[in-house]
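Chemist: no sequence on this one, just coordinates:
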């Protein structure tokens, strides 16, 4: 999601991660293997989520699956249902809220860790739609999560409770990522060029067209100087130097899908995506150098560490 970087801090190292099952909580990465196979088969139209593409037939089959889940767990109290589903869910994104980590995933799963990921607890969720992105304000109090069913959730208590804040009329629309700049300004991006922004903490959401084409916009991030970056399919790389009012294309070093731009400094970036493609720029994306990665796997997420 959106990483807020304080200027002057030690330059972090970076690692890449695949989407993993919540039994990260326990099982390892059959999901990663699935993602790699989808990469090889569907390359240019792959969405950051390794789940099926959101087509009309998919929603019908998905609703049936949810009905079965509800039927199986209807005799259990709500907390037990949430915990049981969370143990089996695929997690797709996570963000830091104060001292805690909040992760989201399929079937509306939201889980929380207060001990650096050693243990996790399910958080009550108002939806069964897959959640694909999450972001918090710098103070960790307010946050937003987005996903399928054209859905945006919001929290005002550091992720302990969530409410549906916005739901689009077209259930086939899917958000893929969200970035909270501060307590009032938030951007959400998604499949087929979907992009919404709010400047009043979500009371109103405004549709914004970042590019003319209907490319999937996979991730939005913010650099330490406030510059915003968007990465998408078919070599889509975008940059905004005015907090998202206008967007410029970045010359792309690769015509396949990108799954993110990771800012490492004021003008140092890593762009990553399909088949282990990683590119580094030291001039804010004007020029790129290829970075060798031994495994040609889909790189779904990049994050920074402090060591």
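Modeler: Right, received. Where do you want to start? Just so it is clear, the structure is predicted and the values come from calculations on it, not from any experiment.

Chemist: So what's the gap between stretch 131-149 and the chain middle?
Modeler: 9 Å (C-alpha atoms, centre = their mean, to the nearest Å).

Chemist: Mind listing what's buried along it?
Modeler: Using 16 or more other C-beta atoms under 10 Å as the test for burial, stretch 131-149 gives 131-137, 140, 142-149. For every residue, glycine as well, the C-beta is placed using N, CA and C.

Chemist: Of those residues, which belong to strands?
Modeler: 131-136, 143-147 (DSSP state E).

Chemist: Closest to residue 191 out of those?
Modeler: Nearest to residue 191 among those is residue 132, at 9.6 Å by C-beta to C-beta.

Chemist: if I read this right, the closest one contacts residue 148, doesn't it?
Modeler: Yes - counting by C-beta atoms under 8 Å, residue 148 is a contact partner of residue 132 at 7.2 Å.

Chemist: got any residues that touch both of those two?
Modeler: 174-175 (C-beta atoms under 8 Å, 6 or more residues apart in numbering).

Chemist: CSV please, covering the ones in strands among the buried residues of stretch 131-149 and showing distance to residue 256 and pLDDT.
Modeler: What follows is those, written out as CSV (distance: C-beta to C-beta, whole Å; pLDDT from 0 to 100):
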residue, distance to residue 256, pLDDT
131, 26, 98
132, 20, 97
133, 21, 97
134, 26, 98
135, 26, 98
136, 31, 98
143, 31, 98
144, 29, 98
145, 28, 98
146, 24, 98
147, 24, 98
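
Chemist: and which of the residues you listed is nearest residue 156?
Modeler: Using C-beta to C-beta, these come closest to residue 156 at residue 143, 8.4 Å.

Chemist: check contacts around the residue nearest to that closest one when sequence neighbours are not counted.
Modeler: Distance criterion C-beta to C-beta, 6 or more residues apart in numbering; nearest residue to residue 143, sequence neighbours excluded, is residue 136 at 4.0 Å. By C-beta under 8 Å, 6+ apart, residue 136 lies in contact with 95-97, 102, 142-143, 158-159, 180.

Chemist: returning to that earlier point: out of the ones in strands among the buried residues of stretch 131-149, which is nearest to residue 231?
Modeler: Among these, and counting by C-beta to C-beta, the member closest to residue 231 is residue 133, at 12.7 Å.

Chemist: pretty sure that closest one contacts residue 177?
Modeler: Yes - between residue 133 and residue 177 there is a contact under C-beta under 8 Å: 3.9 Å.

Chemist: At which residues are the helices of the chain located?
Modeler: Applying DSSP state H to the chain gives helices spanning 30-42, 56-73, 78-88.

Chemist: Pull up the distance across stretch 138-150, start to finish.
Modeler: 25 Å (C-alpha to C-alpha, to the nearest Å).

Chemist: The spatially most central residue of the chain pairs with what?
Modeler: The C-alpha lying nearest the average C-alpha coordinate of the chain belongs to residue 133 (C-alpha atoms, centre = their mean; 3.2 Å). Going by DSSP bridges, residue 133 is paired in beta bridges with residue 146.

Chemist: how about the strand ranked longest in the chain: buried residues?
Modeler: The residue-count maximum for a strand in the chain (DSSP E) belongs to strand 90-97. By 16+ other C-beta under 10 Å, the buried positions in strand 90-97 come out as 90-95, 97.

Chemist: Taking these together, which two end up most distant?
Modeler: Among the buried residues of strand 90-97, 90 and 97 lie farthest apart (C-beta to C-beta), at 20.9 Å.

Chemist: In TSV: the contacts of residue 136, plus distance to residue 166.
Modeler: Formatted as TSV, the contacts of residue 136 follow (distance: C-beta to C-beta, whole Å):
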residue	distance to residue 166
95	19
96	23
97	20
102	19
142	15
143	14
158	20
159	18
180	14
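
Chemist: Identify the bridge partners of the nearest residue to residue 262 once chain neighbours are set aside.
Modeler: Closest residue to residue 262 apart from its sequence neighbours, by C-beta to C-beta, 6+ apart: residue 302 at 3.8 Å. Residue 302 has the following beta-bridge partners by DSSP bridges: residue 16.

Chemist: circling back: how about the residue nearest to the centre of the chain, what does it touch?
Modeler: Residue 133 neighbours (C-beta under 8 Å, 6+ apart): 1, 92-93, 104, 145-147, 175-178, 188, 219.
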